[in-house]
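Colleague: Pasting the sequence and the predicted coordinates here, then a few questions.
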Amino acid sequence: MKLFLISDIHGNDNFDSIKDKLAEADLVLCAGDFTMFLPAEEGLRVAEKLASLNPATYMVCGNCDTPDLDGILLEKGLSIQGRSAAFSKGSERYVLAGIGGSLHTPRPTPNTWSENDLVEVLRSFQETPDIIVSHQPPYGAGDTVMKTLHVGSKKLTEYLRKNSPVMCLCGHIHEAAGIFRIGQTTVVNPGSFREGHYALAQLSGRECTVTLY
């Protein structure tokens, strides 16, 4: 199964350079931040433009998106915030689940939460996910600022170690792009699409191969 992974679009909706790769993917996953603090209508425009290039597109909001955008995306069938959704190709079936927003940031942003809030979201998943889409990275993977300081979610890391999903897509920390491991989970922070970055993943059972661009 081919996956296209993208995050932190921040208004860069020029998808022409990636439209062929988007169309070729079996599944497109987006970890949020469609704009930089713009109204939900603008976030929806960017999200729908991305989704128009592949019908199998699922997403969550980021901390720079307005909280009401998630409800709109949910009505459109695009958001997997706090819920599970199954995706199948042939004999392969993967359960997706999403976590939008981020931990509280030094500079206030519209869509943030506490670790306790995150625990409630994790408990709301109807099925244990094989793939988690989380704007907030887990602690220790794709979450380093100033080269040494980890700002990820410890509760998310605990969840990954306990439940061992195949993959976790995250974003938020632009400077921490990379491919990481937490227990048996491959964690991917593709970097910011505003800066031209994205990732492609190949899944076969629990085998996960990722290339960053």
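Modeller: Good, I have the coordinates. Computed from a prediction, not measured in an experiment: that's the story for all the values here. Residues are numbered from 1 along each chain as shown.

Colleague: From Pro106, how far off is the residue positioned nearest the centre of the chain?
Modeller: Nearest to the mean C-alpha position of the chain, by CA atoms, centre = their mean, lies Ala31 at 2.5 Å. Here the criterion is CB to CB, to the nearest Å. By it, Ala31 lies 20 Å from Pro106. (Glycine included, C-beta is placed from N, CA and C.)

Colleague: same check, this time on Pro67
Modeller: Counting by CB to CB - Pro67 and Pro106 are separated by 19 Å.

Colleague: Can you pick out the residue with more neighbours from the two?
Modeller: Comparing Pro67 with Pro106 by other CB atoms under 10 Å, the one with more neighbours is Pro67, at 13 against 7.

Colleague: Skipping its backbone neighbours, what lies nearest that one in space?
Modeller: Leaving out its chain neighbours, the residue that sits closest to Pro67 by CB to CB, 6 or more residues apart in numbering is Asn111, at 5.2 Å.

Colleague: What is the neighbour count of that neighbour?
Modeller: Using other CB under 10 Å, Asn111 is surrounded by 21 other residues.

Colleague: where in the protein is pLDDT low?
Modeller: Along the chain, no part satisfies pLDDT under 70.

Colleague: Just the helices from it, written as ranges.
Modeller: Listed in chain order, the helices of the chain (DSSP state H) span 19-24, 40-51, 67-75, 115-123, 154-163.

Colleague: Dump these to CSV, plus distance to Ile132.
Modeller: What follows is those, written out as CSV (distance: least, CB to CB, whole Å):
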stretch, distance to Ile132
helix 19-24, 21
helix 40-51, 19
helix 67-75, 16
helix 115-123, 9
helix 154-163, 8
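
Colleague: Among those helices, which comes closest to Ala141?
Modeller: Closest to Ala141 of those is helix 154-163 (CB to CB; 7.5 Å).
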